[in-house]
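>>> Whatever this is, show me its structure:
(2 chains)
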Amino acid sequence: MKIKLETNAVKRSKWYEFVIRFVFGGLVAATAGIVAKQFGPAIGGLFLAFPAIFPATATLIESHEKRKKREAGLDGTRRGREVAGIDAAGAAIGAIGLLGFAAVLWLSLAITPTWLSLCLATVTWAVLSFAGWNLWRGKYLKTLVLKMKQRTHTLFPSP
Amino acid sequence: MTEFLVRFVVGGVVVSIFAILGDVLKPKSFAGLLGAAPSVALATIPLTIARNGRAFAETEVRSMLFGAIAFFCYACIVSYFLWRKNQPALLVTSASLLLWLAVSLGLFALFG
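Predicted coordinates for the structure are as follows:
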């Protein structure tokens, strides 16, 4: 499966869907600051890895897939939830990258300029996430092929 | 007040950029990586350093390690209930936020 850019997805989105995510993102960033001020940076820092827009994104994916299937005359509820689940599986891999981001930033912040620390940490996130996704995809495809072979064998047993 | 307003605007913009990128990328499992992008950290760390200094930011980033582990647990549970158990997205993703909070605070209490 190739990685593609599908710009039509933006056209399908409604204006309020962008507003919701902007507000959620802004609220989490502001809350992290308020918590850090009230309870100290150690507690406030936890919110730097808060799943900020995840509920909004998953709900939007579910409703978009439902809408697409309904246009084709199908229910789409099951498919919508599956696609949102696949997106969440990707986020789990991205979270490993996020852990790498935090580790590199924590170790480098004291010895390098801020911009360089942030660049190094972001590159770490991207590399770990991409590598993790490739590993997972390979394993996932292998399992899928194995299952298909088993099903074919059950349907058409060899003599 | 101005500080939190700036955080709100910058955070909203950075999170929205990653969200739009996630919308246009295919396949969905790849786009999902952006759901765990360090958008809030990228938006707020430079502001924190400018206002409170490096030591303050370092403490925040150390705690972010616990938050990231909690994020991983959160995303795994959400994926399981949506993909395998076919539960409603809003219910699963919202209820699981309590799990994120419990795991991150638990790790902080143990190792913080």
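
>>> where along chain A do the strands fall?
Using DSSP state E, the strands of chain A run over residues A:4-5.

>>> Relative to A:A49, how far out is the residue most central in space within it?
Geometric centre of chain A, nearest residue: A:A91, 3.0 Å, by Cα atoms, centre = their mean. A:A91 sits 12 Å away from A:A49, taking Cβ to Cβ, to the nearest Å as the criterion. Glycine gets a C-beta too; all of them are placed from N, C-alpha and C.

>>> again, but for B:F66
Noted for B:F66: a distance of 8 Å to A:A49, by Cβ to Cβ.

>>> Neighbour count for those two, which is higher?
A:A49 (30 against 25; other Cβ atoms under 10 Å in any protein chain shown).

>>> Which residues are in contact with that one?
A:95, A:98, A:102, B:38, B:40-41, B:64, B:66-68, B:70-71, B:104 (Cβ atoms under 8 Å, 6 or more residues apart in numbering or on different chains).

>>> longest helix anywhere in chain A?
In chain A, assigned by DSSP state H, the helix with the most residues is helix A:114-155.

>>> of the contacts of A:A49, the lowest pLDDT goes to which?
Among the contacts of A:A49, B:V40 carries the lowest pLDDT, at 88.

>>> Skipping adjacent residues, who's closest to B:L25 in space?
Ranked by Cβ to Cβ, 6 or more residues apart in numbering or on different chains and with sequence neighbours excluded, the top spatial neighbour of B:L25 is B:A31, at 4.0 Å.

>>> Test my guess that that neighbour contacts A:A91.
No - using Cβ atoms under 8 Å, B:A31 is not in contact with A:A91; the gap is 9.4 Å.

>>> hey, C-alpha coordinates of the lowest-mean-pLDDT helix or strand in chain A in PDB?
Every helix and strand of chain A was ranked by mean pLDDT, DSSP states H and E. The lowest is helix A:8-12, at a mean of 74. Output of helix A:8-12 as PDB, limited to C-alpha atoms (Å, rounded to 0.1, in the frame of the first residue of the first chain):
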ATOM      1  CA  ASN A   8     -10.300  15.900  -1.700                       C
ATOM      2  CA  ALA A   9     -10.500  14.800   2.000                       C
ATOM      3  CA  VAL A  10     -10.200  18.500   3.000                       C
ATOM      4  CA  LYS A  11     -13.000  19.500   0.600                       C
ATOM      5  CA  ARG A  12     -15.200  16.900   2.100                       C
END
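
>>> Alright, calling it a day.
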